[in-house]
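K.L.:
starting from these lines, generate the structure:
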Amino acid sequence: MRLDVPLVLVALSAAAVAVPSTRPASSVHVLHEKRAMEPVDWVKSRPLDADWILPMRFGLAQQNLDKIEDMLMSVSHPSSPRFNQHFTPEEIRETFAPSEESINSVTDWLVGAGIAKDRLRLSGNKGWIHLDATVDEAERLLKAEYHVYTHAGTGSEQIGCHNYSIPAHLKRHIDLIKPTVQFNHRIGPNAKVKRFGGLGMPSSGNGPKLKTTQFSKAAAITPSLANCDKMITLDCLRALYKINYTPVATDKNSFGVVEFTPQAFLPGDLDLFFKNFTPSAVGVRPKTVLIDGAVVQNTSQSFNFNGESDLDLEYAMGLTAPQEVTLLQTGDLSQGAGFDNWLDAIDGPFCTFDGGDDPEQDGIYPDAAGSPASCGIIKPPNVVSISYGQDEATASVHYATRQCNEYAKLGMMGTTVVYSTGDNGVAGFNNVCLDNDGQEGTTTSPRFNPEFPASCPFVTAVGATQINPGSTVNDPEGACEQVIFSGGGFSNIFPMASYQADAVNAYVKTHLMPSPFLPGQFNNSGNARAFPDVSANGANYVIGIDGQFGLVFGTSASAPVFASMITLINDARLSIGKGSLGFINPLIYDPIFAPAFNDITMGGNKGCGTPGFTAVPGWDPVTGVGTPNFERLLSVLKALP
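P.N.:
Residues are numbered from 1 along each chain as shown. This is a model prediction of the structure:
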């Protein structure tokens, strides 16, 4: 159940009258938040009546956020004495919950301002203090002015203030207060799709890329290793990465694939694919978990609606059979969803942590279409694969940091989170690059445009390789340079993680000094998160799509393939009484495990009018440390504690 209830105008009741107190309140207020600009199409129509009640929520500052990386490394680095001894959800909640000092300081302020203590309620995760306050009380507490805003087109009303202040000594104890400057009204089920709340909406920039070649609906494809440079199948991947393992601990293991409505798989497409490549899986479906009123829709059928989900599930299910795959279908047909929404579903406290979901990026539930909010409805799977992304420049620092910290917490609890890195090389979606102010400009703007969440240091970012034309599964791969280019580069938000510092610094010293790029073309501070971490093939995948076979390209394919291999390794570990791997990046970058990866030294990831970066020996910002040799990787990771 969400703690930040919808804003409603409620008449004052007698029980809500403030109880006077002689306790002094701090008089030195400082600005805490302000709205940069008034929302478009909304008009400030009148002051809000002084006796209306506002459901005030005081978001308390979390503690120990500065310890996130150290805690994650303590259970993820192979040299740590606590390796693989993951934290429990309870330990995570207690570690990051606001301190007693923060709770007491904010409580004392409110009581000292004349609010009776029995009107205050602390949320279960200790992150919020709730108070139903009159507008008069709120305005005095926050030195603010509340107004009613009216939508020019519909007449709908919303409330808020332009800015607010709090006592200076509380700055370090309060993250934010609601309702204040946030403007998250939803007009209804036909509301315009937000910038990224609709991650699953068809777009030329998102999803795998369909090659023009299509096969006949009646055609059957015979698996063959002779032409894997032209058509990748399950057998090609097994031969390419030496995958020869059948799960035996399926009742203990779990593997999740995230899809965003209206993207959806078609059952007939799965069966078409399985009939040709995994006959035992014909009729098998993923275990579907519907998040925030989601539906697996079949009304809109085309590559743009079905391609991503069909691709992800056909290969995830095919490579890990008979492991059950959980489909985390996220968002309703009204407003869709953002990355935070699926995270809400696997960790209830995240629903409200650090301000809750972002109305500019996520779906806000419950919504006008009647879809519920899904908070903590399913235990986090051992591995989660997500083939979606957005340009980092379109994510606020607060939004990206809040989400990135959550990925770290999942790693601490034993979950591996895998993201694709995008298909446009050093450019963003639709090949858009950044101008000198860091804003998205044109395809020829001077600065590189990294992808998020791949740029978060607490996920495993997967780039794309290819079997070079005329080569075989026994030959070295190159970076993908057909139809797509592997996303990679350096974050403009996140600092370099300790686990990758040696590998990235070695690359920079050898290949970027002197730099072949213009000054400022990418974040060359020497302390930027670099990605991808690893790669897998992303070219010429055969998929069943809308009743026929097609060939697709993308890191959208690379991510579920790599995630499938980690799922198989988890199975081997669980079958002998060990734990799931959790956050694997420290293992990926450890020189001891370098022989378990195929180093990629051919190709690049051009974009923004440049050749981009180049694949070289060792780690590089095109293919990471390379592609897995599953046989070797299984051997070394199975042997770990």
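
K.L.:
just give the number of residues close to the residue nearest to Asp271 when sequence neighbours are not counted.
P.N.:
Excluding the flanking residues, the one nearest Asp271 by CB to CB, 6 or more residues apart in numbering is Val282, at 5.2 Å. The way it works is simple: take the backbone N, C-alpha and C, and place the C-beta from them, glycine included. Residues near Val282, counting by other CB atoms under 10 Å, number 13.

K.L.:
same thing with Pro267?
P.N.:
Neighbours around Pro267, by other CB under 10 Å: 12.

K.L.:
distance of the closest residue to it other than its chain neighbours from Ser374?
P.N.:
Sequence neighbours aside, Arg285 is the residue nearest to Pro267 in space, at 6.5 Å (criterion: CB to CB, 6+ apart). From Arg285 across to Ser374, the span is 20 Å (CB to CB, to the nearest Å).

K.L.:
pLDDT wise, what is Gly205 at?
P.N.:
Looking at Gly205, its pLDDT is 64.

K.L.:
and for Arg186?
P.N.:
33.

K.L.:
repeat that for the one 4 residues further on.
P.N.:
In this prediction, Asn190 carries a pLDDT score of 26.

K.L.:
pLDDT averaged over the longest helix anywhere in the chain - what is it?
P.N.:
Ranked by number of residues, the top helix in the chain under DSSP state H is helix 555-574. Average pLDDT, helix 555-574: 98.

K.L.:
which strands and helices sit next to it?
P.N.:
Here helix 555-574 touches strand 255-260, helix 303-320, strand 383-386, strand 416-420, strand 460-466, strand 534-537, helix 630-639, going by 3 or more CB pairs under 8 Å, 6 or more residues apart in numbering; DSSP states H and E.

K.L.:
what's the most buried one of these?
P.N.:
Most buried of the helices and strands packed on helix 555-574 by mean neighbour count (mean count of other CB atoms under 10 Å) is strand 460-466; its value is a mean of 32.

K.L.:
how far does the next helix or strand after it sit from its chain's centre?
P.N.:
Sequence order places strand 478-479 as the next helix or strand after strand 460-466, per DSSP states H and E. Distance of strand 478-479 from the chain centroid (CA atoms, centre = their mean, to the nearest Å) equals 26 Å.

K.L.:
for stretch 241-259, same thing?
P.N.:
21 Å.

K.L.:
now the end-to-end length of it.
P.N.:
26 Å (CA to CA, to the nearest Å).

K.L.:
can you give me the helices in the stretch 351-500 of the chain?
P.N.:
Listed in chain order, the helices of the stretch 351-500 of the chain (DSSP state H, counting those that start in this stretch) span 397-412.

K.L.:
so where is it shaky, pLDDT-wise?
P.N.:
Residues of the stretch 351-500 of the chain meeting the criterion pLDDT under 70: none.

K.L.:
any low-confidence regions in the stretch 1-150 of the chain?
P.N.:
Checking the stretch 1-150 of the chain against pLDDT under 70 turns up 1-27, 36-40.

K.L.:
show me where it has its strands.
P.N.:
Listed in chain order, the strands found in the stretch 1-150 of the chain under DSSP state E, counting those that start in this stretch are 29-34, 42-47, 53-60, 121-122, 128-134, 146-151.

K.L.:
what about the host helix or strand of Asn505, average pLDDT?
P.N.:
According to DSSP H and E, Asn505 maps onto helix 501-511. Helix 501-511 carries an average pLDDT of 97.

K.L.:
give the other helices and strands that the helix or strand just after that helix contacts.
P.N.:
Next along the chain after helix 501-511, taking DSSP H and E as the criterion, comes strand 528-531. Packing partners of strand 528-531 (3+ CB pairs under 8 Å, 6+ apart): strand 489-495.

K.L.:
quick one: buried residues of the strand it packs on?
P.N.:
489-494 (16 or more other CB atoms under 10 Å).

K.L.:
also stretch 538-555?
P.N.:
Result for stretch 538-555 [16+ other CB under 10 Å]: buried residues 538-546, 549-555.

K.L.:
partners of the nearest residue to Arg447 once chain neighbours are set aside in the sheet?
P.N.:
Excluding the flanking residues, the one nearest Arg447 by CB to CB, 6+ apart is Leu434, at 3.9 Å. In this structure, Leu434 bridges to Glu440, Arg447 when assessed by DSSP bridges.

K.L.:
what residues are up against Ala461?
P.N.:
Ala461 makes contacts with 419-421, 454-455, 531-534, 624, as judged by CB atoms under 8 Å, 6 or more residues apart in numbering.

K.L.:
looking at these, which two lie furthest apart in space?
P.N.:
Using CB to CB, these span at most 15.0 Å, a distance reached by Ser455 and Val534.

K.L.:
tell me the pLDDT of the spatially closest residue to Ala572 that is not a sequence neighbour.
P.N.:
Spatial nearest neighbour of Ala572, excluding adjacent residues (CB to CB, 6+ apart): Lys638 at 4.9 Å. Lys638 carries a pLDDT score of 97 in this model.

K.L.:
isn't Lys638 right up against Asn570?
P.N.:
No - judged on CB atoms under 8 Å, Lys638 makes no contact with Asn570 at a distance of 9.8 Å.

K.L.:
contacts for the helix holding Asn505 next, please.
P.N.:
Against helix 501-511 from outside (CB under 8 Å, 6+ apart): 496, 524, 526, 530, 589, 591, 614, 616, 618-621, 625.

K.L.:
ok, now stretch 168-182?
P.N.:
Outside stretch 168-182, the residues within contact range by CB under 8 Å, 6+ apart are 4, 7, 26, 28-30, 32-35, 54-62, 98, 101-102, 105-106, 109, 142, 144, 159-164, 166, 354-355, 359.

K.L.:
now with 7 Å?
P.N.:
Stretch 168-182 has contacts (CB atoms under 7 Å, 6 or more residues apart in numbering) with 4, 7, 26, 28, 30, 32-35, 54, 56-61, 102, 105-106, 109, 142, 144, 159-164, 166, 354-355, 359.

K.L.:
taking those residues, please make a ChimeraX selection of just the buried ones.
P.N.:
Only the buried entries of the contacts of stretch 168-182 go into this ChimeraX selection, using 16+ other CB under 10 Å:
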select :4,7,32,33,54,56,57,58,59,60,61,102,105,106,109,142,144,159,160,161,162,164,166,354,355,359
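
K.L.:
ok, back up a step: turn the contacts of helix 501-511 into a markdown table, columns for distance to Ile115 and neighbour count.
P.N.:
Shown next, in a markdown table, are those (distance: CB to CB, whole Å; neighbours: other CB atoms under 10 Å):
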| residue | distance to Ile115 | neighbour count |
| --- | --- | --- |
| Met496 | 45 | 19 |
| Asn524 | 51 | 15 |
| Gly526 | 50 | 12 |
| Ala530 | 49 | 30 |
| Tyr589 | 51 | 23 |
| Pro591 | 58 | 9 |
| Thr614 | 62 | 17 |
| Val616 | 62 | 18 |
| Gly618 | 60 | 17 |
| Trp619 | 55 | 26 |
| Asp620 | 58 | 30 |
| Pro621 | 53 | 31 |
| Val625 | 56 | 25 |
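
K.L.:
how about Arg402, what does it touch?
P.N.:
Asp354.

K.L.:
how about 8 Å then?
P.N.:
340, 353-355.

K.L.:
and for the closest residue to Asn382 other than its chain neighbours, the neighbour number?
P.N.:
Of all residues not flanking Asn382 in the chain, Ser580 sits nearest, at 4.0 Å (CB to CB, 6+ apart). Neighbourhood size, Ser580 [other CB under 10 Å]: 23.

K.L.:
for the stretch 151-300 of the chain, which segments count as helices?
P.N.:
Using DSSP H, counting those that start in this stretch, helices in the stretch 151-300 of the chain cover 234-241, 267-277.

K.L.:
of all the ones you listed, which one is nearest Leu633?
P.N.:
Between the helices of the stretch 151-300 of the chain, helix 234-241 lies closest to Leu633; by CB to CB that is 8.9 Å.

K.L.:
what angle sits between the helix holding Asn505 and strand 489-495?
P.N.:
140 degrees (axes from the mean of the first three to the mean of the last three CA atoms, to 10 degrees).
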